[in-house]
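> The following block contains a protein sequence and its predicted model.
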Amino acid sequence: MDNLIVIPQVGIGEVKLGMHRDEVHELVGTNDTNIKTDSIVRGCYYDFCFQIEYDSNNIVNFIEIINNPTYNVVFEGVDVFKTKAEKLVSYVEQFSKYLETPSAQLGSMYIFEDIGISLYRSIVCKEETMKEPWFLQLSQEQKEDELRFLYFETIAIWCKGYYDSVNLYI
């Protein structure tokens, strides 16, 4: 199992912010799926687990890793996808406070703007959820599916100024 080290405003693993797309392809191959919008190109590698956004000059300005058992994704010695969401947020808060957006208030997305890290999960599950009557009535398989949302699904880093043009309140 490979360790991918997250270094804010620098890179994840061998992929670094500021690299040219050709350099990325030398590292991870050209077998990517491209998603293009007006201003960005997003390369999706390794079955969409590693997503890299390029600016109009093909320079990496955003890197996102989606939880995958193939990788241990580590930030400052902590395994991002094996640490429960609330504990991980508290840990990362030692380095930067997160923005108080509606998604943070819901517990789904935290943006630590000062260090350039975001954490995301599509559904919020908390320890107290396991005591809720609706949860107790689920099958074991359904419970296990819900419990994966105790953890974040993605971690991303970006270049300074990346979120300047993004609406953070959606």
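Here it is on my side, so go on.

> Looks like Glu64 contacts Tyr162 (just checking).
No: Glu64 is beyond contact range of Tyr162, at 11.5 Å (criterion: CB atoms under 8 Å). (Each C-beta comes from the backbone N, C-alpha and C, glycine too.)

> Model confidence for Ser90, exactly?
Predicted confidence (pLDDT) at Ser90: the value is 96.

> Make sure it is indeed in a helix.
Yes: using DSSP: H, G, I helix; E, B strand; the rest coil, the assignment for Ser90 is a helix.

> Let me know how buried it is, in neighbour terms.
11 (other CB atoms under 10 Å).

> Equivalent analysis for the one 3 residues further on, please.
Using other CB under 10 Å, Glu93 is surrounded by 12 other residues.

> separation between it and Gln9?
17 Å (CB to CB, to the nearest Å).

> How about Phe95?
11 Å.

> cool, and Asn68?
In this view, Asn68 and Gln9 are 23 Å apart by CB to CB.

> Likewise for Glu127?
32 Å.

> higher neighbour count, these two?
It is Gln9, of Glu127 and Gln9, that has more neighbours when counted by other CB under 10 Å, with 14 against 10.

> shouldn't the more buried one be in contact with Cys159?
Yes: between Gln9 and Cys159 there is a contact under CB under 8 Å: 7.2 Å.

> which residues do those two both contact?
Residues within reach of Gln9 and of Cys159 at once, by CB atoms under 8 Å, 6 or more residues apart in numbering, are Leu17, Gly116.

> pLDDT weak spots in the chain?
Residue ranges of the chain with pLDDT under 70: 1, 29-48, 163-170.

> quick one: the strands in it?
Under the criterion DSSP state E, strands of the chain are mapped to 2-7, 11-12, 15-16, 33-36, 41-45, 50-54, 60-66, 71-75, 78-79, 109-112, 117-120, 154-158.

> Using CSV, lay out those together with distance to Glu146 and mean neighbour count.
Listed next are these as CSV, based on distance: least, CB to CB, whole Å; neighbours: other CB atoms under 10 Å:
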stretch, distance to Glu146, mean neighbour count
strand 2-7, 26, 15
strand 11-12, 28, 21
strand 15-16, 32, 18
strand 33-36, 29, 10
strand 41-45, 27, 18
strand 50-54, 25, 21
strand 60-66, 19, 22
strand 71-75, 22, 20
strand 78-79, 21, 14
strand 109-112, 19, 22
strand 117-120, 17, 22
strand 154-158, 18, 22
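
> of the ones you listed, which approaches Thr101 most closely?
Judged by CB to CB, the one of the strands of the chain that comes nearest to Thr101 is strand 109-112, at 6.6 Å.
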